[in-house]
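>>> Turn this into a model:
(2 chains)
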Amino acid sequence: MTQNFVHELTWRGMIHDLMPGTEAQLQRERTAGYIGFDPTADSLHIGNLVQIMTLVHFQRCGHKPIALVGGATGMVGDPSGKSAERNLLSEEVLRHNQGCVKVQLERFLDFSPGPGQAEMVNNYDWFKEIRFLDFIRDVGKHLTVNYMMAKDSVQNRLESGLSFTEFSYQLVQGYDFYWLYKNKGCRIQMGGSDQWGNIVTGTELIRRKDGGEAFALTTPLIKKADGSKFGKTEQGNVWLDAARTSPYQFYQYWMNTSDEDAASFIRIFTDLPKEQIDNLIMEHQKAPHLRSLQQELSKQIMIRVHSRQDLEAARQASQILFGNSVTEDLSRLDENTLLAVMEGVPVVHVSHDSIVAAATVTDLLSETTKGSIFPSKGEARRMIQAGGVSINKIKVSDPQQKPGFALLHDRYLLVQKGKKNYHLIVADKG
RNA sequence: GGGGGGAUACUCAAGCGGCCAACGAGGACAGACUGUAAAUCUGUUGACUUAUGUCUUCACAGGUUCGAAUCCUGUUCCCCCCA
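Predicted coordinates:
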């Protein structure tokens, strides 16, 4: 094999657990391996990125990645890590979601014909034909309830209760593995550490039903150094879909990675070689203020998930919003560029007259803008007094100041609340 | 069914007749320092207001009182103990 996959993941800090013999199998021959994705939404989010990258590395090391979109398992619901049974989705919604997810995965994996060609499968395709009696006879027979009960995912739910549907989940997923083993020669299943139990059910099923040997590898749960959840912001998940999370916001999420996290994230979320990453980390240690790690991290991911153009736009926007730019830089931008730069910044439309009519900045930022920037005058005033508000890059210091600001292109005001929060006021005429 | 305890702002948690828009902690936001990091320090954190001013809040509905988050009555929900 071109590269040792297990070594590759090890130095990247992406291995939580693996079954004995996994490495030997992967070194021996080109191996097909799969990871399942939940089609619970019509877009993947960056919480799925670890698994996607696992497949990317898998393929780069010469193996054949299979991405399973869980149309069938999505209909059942995995109890792992869930405190309550989740709502089941209709087949129609699941189909739609699968289609969207597929498009996103195509940006990461190489689906072009070849020996290590990536493949996408949908377990609904084989499950829809299976009848209940066949399933409990051919699959259920091989595993005892005692075995299934021993899983953590089940144990954790015994107190609060779990439905038979959820309980059967591991069998359904286990059968996926078996089916892929039989029909696609798939020998290894990967996933997050919470999937270990489900994966092992699969290898067990393969062993008992067929006497075959299959393997498991799990990745650790990604946590941020400050203990907060990875991939979440105030606004919720960070999605890959530009319609859900704008490329600018997406870029900012990665740019805001703390130093501590950046060193581990760049190993996990990019496919840069070890040497280059080591250099980057050294460079970053020498000159941390350049934020080279965060720069490279966001660059790599932006290009993969969005595009070079989006990266450039996000960089330009960030440069203006966070760089040392001043009013002159802002007013130099032509209208289209300005709007492009502001892509992803919350916009509030008000009439041109009401801006003129506002008695003070405080009124402008609260009442006139209908509370979208500050919900109350008091809050606006406090923030201004604390020095946290700038308009068109000029700090506002007096809450009573008249809002005689020059509108950019006679239409726009860029309001900055603190260091990282921007709002664009658009003055509509007539 | 009997007995006891509880419900306070984003969360936890004081307060038990006026000095309470309500101690404290956490969180959040902002400022300083920096590097759009982390740590630290400072400030803000019901609304309106220039304000020592006004208004709306302490589960819900009534009541006592000059005055209630605090006392009384009823309602709802939670916890504990005994059956």
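>>> How many residues are close by A:Glu283?
14 (other C-beta atoms under 10 Å). For every residue, glycine as well, the C-beta is placed using N, CA and C.
>>> show me what contacts the nearest residue to it once chain neighbours are set aside?
Sequence neighbours aside, A:Ser292 is the residue nearest to A:Glu283 in space, at 5.2 Å (criterion: C-beta to C-beta, 6 or more residues apart in numbering). Counting by C-beta atoms under 8 Å, 6 or more residues apart in numbering, A:Ser292 makes contact with A:Leu280, A:Glu283, A:His284.
>>> so how far is the one helix or strand A:Gln98 maps to off the chain centroid?
Using DSSP states H and E, A:Gln98 sits within helix A:91-105. Distance of helix A:91-105 from the chain centroid (C-alpha atoms, centre = their mean, to the nearest Å) equals 16 Å.
>>> Name every strand pairing with the following helix or strand past that helix and say which way it goes.
Using DSSP H and E, the next helix or strand after helix A:91-105 towards the C-terminus is strand A:119-122. In the sheet containing strand A:119-122, its partner strands are strand A:64-69 (parallel), by DSSP bridges.
>>> buried ones in the strand it pairs with?
Neighbour-count burial for strand A:64-69, counted by 16 or more other C-beta atoms under 10 Å, picks out A:Lys64, A:Pro65, A:Ile66, A:Ala67, A:Leu68, A:Val69.
>>> okay, those in JSON lines with distance to A:Trp196 and pLDDT next?
Below are the buried residues of strand A:64-69 laid out as JSON lines (distance: C-beta to C-beta, whole Å; pLDDT from 0 to 100):
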{"residue": "A:Lys64", "distance to A:Trp196": "22", "pLDDT": "96"}
{"residue": "A:Pro65", "distance to A:Trp196": "20", "pLDDT": "96"}
{"residue": "A:Ile66", "distance to A:Trp196": "19", "pLDDT": "96"}
{"residue": "A:Ala67", "distance to A:Trp196": "19", "pLDDT": "95"}
{"residue": "A:Leu68", "distance to A:Trp196": "17", "pLDDT": "94"}
{"residue": "A:Val69", "distance to A:Trp196": "21", "pLDDT": "87"}
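>>> so which of those residues would you say is closest to A:Leu133?
Of all the buried residues of strand A:64-69, A:Leu68 has the smallest distance to A:Leu133: 24.8 Å, by C-beta to C-beta.
>>> how about the nearest residue to the closest one, chain neighbours excluded?
A:Gly36 (4.4 Å).
>>> what pairs with the strand or helix carrying that neighbour, and is each one parallel or antiparallel?
A:Gly36 belongs to strand A:32-37 when elements are defined using DSSP H and E. Take DSSP bridges as the rule and strand A:32-37 pairs in its sheet with strand A:64-69 (parallel), strand A:186-192 (parallel).
>>> pLDDT of the following helix or strand past it, averaged?
On the C-terminal side of strand A:32-37, the closest following helix or strand by DSSP H and E is helix A:49-60. The predicted model assigns helix A:49-60 a mean pLDDT of 95.
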